[in-house]
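Chemist: Here you go, sequence then predicted model.
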Amino acid sequence: MTYVFYYVQAHIACILLLSIVFYKIVRGVNKQASQIYLGNLVITLMLYYMAEIFWAVVDGGIITATPSMLYLSNIFTYILISVAAYYWYIISEALQRDKLIENTVIRRLLAAPVLVSALLVITAYRTGLVFYVDETGKLVNGNFYVILVIVPFAYLIAASIKAFSRFANKDRYVDRNIYFMIGVFPFAPIILGALQAVYWRIPFLCYGTVAAVYYVYLTTLDNLISIDPLTQTNNRNQLYKYLVQKMRSEEQGMSLFLIMVDIDRLRDINESYGHAEGDRALNRVARAIKDACQGSRSRMFVSRYGADEFVVVAEMAYRAEAAWLADQIKNEVKRATNVDAAPCDIHVSVGIAQYDYQSPISIQAFIARADSDLYQNKKLSAI
């Protein structure tokens with residue numbers, strides 16, 4: 001059939017496009033779990049495109065469409081698309097820093113629907129539960145065919161719903177771009193996959209998955225540019241962008257506070273225990289600040305400002321709330337030190353500045369006020 005040439009051509013083009021992403025992932029310095037899983041997703045999709053090419057040449061009569069060939073040409077496509085959807089769910093959890101997916105048992109449990117789907121597909125030759133070849137030599141959907149559709153869509157939709165629920169939480173600014181990307185990702189595969197289910201000889205799905213993968217890859221690259229690689233908090237450039245936005249528009253009933261957090265004697269930790277322990281101390285403090293800032297009381301933006309300094313930008317009704325948050329940060333740092341059984345105690349000093357919309361100042365002056373308050377508090381604690 002004439003469509004076979006264009007169908008095969010489209011999938012070869014998609015394989016070449018994804019091979020570029022795969023090459024970049026392999027050669028890249030970012031070896032986080034999410035990037036490893038993204039590489040697995042790309043490989044799975046390229047195998048899926050190859051399976052689609054095999055299906056097309058069988059369906060088009062280039063390879064004789066015997067019952068065995070009809071089964072084989074469909075087995076690989078259904079299994080691989082489910083595996084690809086599973087990998088996307090795992091990627092989305094890794095990007096959202098869900099610790100559960102680091103557990104091998106949990107990942108295996110999450111893969112159970114894929115295994116059920118694969119078992120139904122592999123045994124279809126005998127059972128005909130999901131599809132079978134009728135007397136005329138055509139492949140017909142079986143009574144449980146819907147499972148093959150539900151499994152991949154369920155992974156995509158579950159990841160999207162979870163991400164959008166986090167994106168909608170206005171108190172969680174740190175990873176909102178990532179949440180939005182995860183929520184949007186399934187749109188192209190789902191919409192174009194539905195179109196291909198109707199017009200099944202037009203390669204809508206391969207274009208949709210390639211577009212989605214490129215969107216994810218470029219978003220994660222942008223995230224790497226804007227995120228401090230060690231502590232996974234926003235970097236100084238993102239802080240300035242955020243402050244420019246917030247200092248221009250006052251929100252009714254809310255005040256803008258800048259809270260500066262400084263790790264006391266980080267240099268001593270580096271000299272006594274090594275820079276690796278110093279990095280762990282920075283991560284511990286970053287995690288403690290994030291934990292203190294989660295909640296519905298106010299809006300927070302966490303960033304690393306300098307070598308041993310972090311900044312929290314918070315919208316709150318009263319200065320007392322900012323002081324309360326400063327105490328929470330100190331308490332969380334102590335708790336993190338105890339939980340991790342750190343070899344050295346970590347203490348932080350905190351300074352607070354409130355922005356006056358009636359007397360605007362520069363970002364540098366606003367930060368300097370918090371830094372001055374921090375210095376005064378550090379002097380008082382040393383007495």
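Modeler: Okay, I see it. Numbers count the residues shown, from 1 in each chain.

Chemist: What ranges does the stretch 151-300 of the chain have for its strands?
Modeler: 255-263, 299-304 (DSSP state E, counting those that start in this stretch).

Chemist: what does the average pLDDT come to for the first one?
Modeler: Model confidence over strand 255-263 averages 95 on the pLDDT scale.

Chemist: What of the shortest one?
Modeler: pLDDT averaged over strand 299-304 equals 88, rounded to a whole number.

Chemist: by contact count, what packs against that strand?
Modeler: Using 3 or more CB pairs under 8 Å, 6 or more residues apart in numbering; DSSP states H and E as the contact test, the elements touching strand 299-304 are helix 236-248, helix 275-293, strand 309-316. In this view, the C-beta of every residue, glycine as well, is placed from N, C-alpha and C.

Chemist: Would you mind listing where the stretch 201-350 of the chain has pLDDT under the threshold?
Modeler: Per-residue confidence of the stretch 201-350 of the chain (counting by pLDDT under 70) places the weak regions at 224, 295-298.

Chemist: Repeat the analysis, applying 80 as the threshold.
Modeler: 219-227, 229, 294-299, 339-342 (pLDDT under 80).

Chemist: just to revisit the earlier point, so which of the strands of the stretch 151-300 of the chain is nearest N377?
Modeler: strand 255-263 (9.4 Å; CB to CB).

Chemist: chain center to that closest one, what's the gap?
Modeler: Shown here is strand 255-263, whose average C-alpha point lies 27 Å from the average C-alpha point of the whole chain (CA atoms, centre = their mean, to the nearest Å).

Chemist: Over to stretch 125-136?
Modeler: In terms of CA atoms, centre = their mean, the centre of stretch 125-136 is set 40 Å apart from its chain centre.

Chemist: Buried residues, it. List them.
Modeler: Of the residues in stretch 125-136, Y125, L129, V130, F131, Y132, V133 count as buried by neighbour count, 16 or more other CB atoms under 10 Å.

Chemist: picking up where we left off before, what's the closest of the helices and strands packed on strand 299-304 to I101?
Modeler: Closest of the helices and strands packed on strand 299-304 to I101 is helix 275-293, at 17.9 Å (criterion: CB to CB).

Chemist: rewinding a little: okay if I get the buried residues of stretch 125-136 as CSV plus distance to V348, pLDDT and secondary structure?
Modeler: Written out in CSV, the entries for those read as follows (distance: CB to CB, whole Å; pLDDT from 0 to 100; DSSP: H, G, I helix; E, B strand; the rest coil):
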residue, distance to V348, pLDDT, secondary structure
Y125, 64, 89, helix
L129, 61, 93, coil
V130, 58, 93, coil
F131, 62, 90, strand
Y132, 66, 88, strand
V133, 69, 87, strand
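
Chemist: Widest-spaced pair of those residues?
Modeler: For the buried residues of stretch 125-136, the maximum inter-member distance is 13.6 Å, found between L129 and V133 (CB to CB).

Chemist: Contacts for stretch 144-162, please.
Modeler: Stretch 144-162 has contacts (CB atoms under 8 Å, 6 or more residues apart in numbering) with 78, 81-82, 84-86, 88-89, 92-93, 96, 113-114, 116-117, 120-121, 129-131, 182-186, 189-190, 193, 197.

Chemist: which of these count as buried?
Modeler: When burial is judged by neighbour count using 16+ other CB under 10 Å, the buried members of the contacts of stretch 144-162 are 78, 81-82, 84-86, 88-89, 92-93, 96, 113-114, 117, 120-121, 129-131, 182-186, 189-190, 193.

Chemist: got the contact list for the residue nearest the centre of the chain?
Modeler: The residue at the geometric middle of the chain, judged as the C-alpha nearest the mean C-alpha position with CA atoms, centre = their mean, is L95 (2.5 Å). Remark: with contacts taken as CB under 8 Å, 6+ apart, L95 is in contact with S34, D175, I178, I182, T220.

Chemist: How about Y71: what's its closest non-neighbour residue?
Modeler: The spatial neighbour of Y71 that comes closest, neighbours along the chain excluded (CB to CB, 6 or more residues apart in numbering), is Y125 at 5.1 Å.

Chemist: my read: the one you found touches L72, true?
Modeler: No - no contact is recorded between Y125 and L72 when judged using CB atoms under 8 Å, the distance being 9.2 Å.

Chemist: so what's the backbone phi/psi at the nearest residue to T123 once chain neighbours are set aside?
Modeler: Sequence neighbours aside, L129 is the residue nearest to T123 in space, at 7.4 Å (criterion: CB to CB, 6+ apart). Backbone torsions of L129, given as degrees, to the nearest 10, read phi -70, psi -40.
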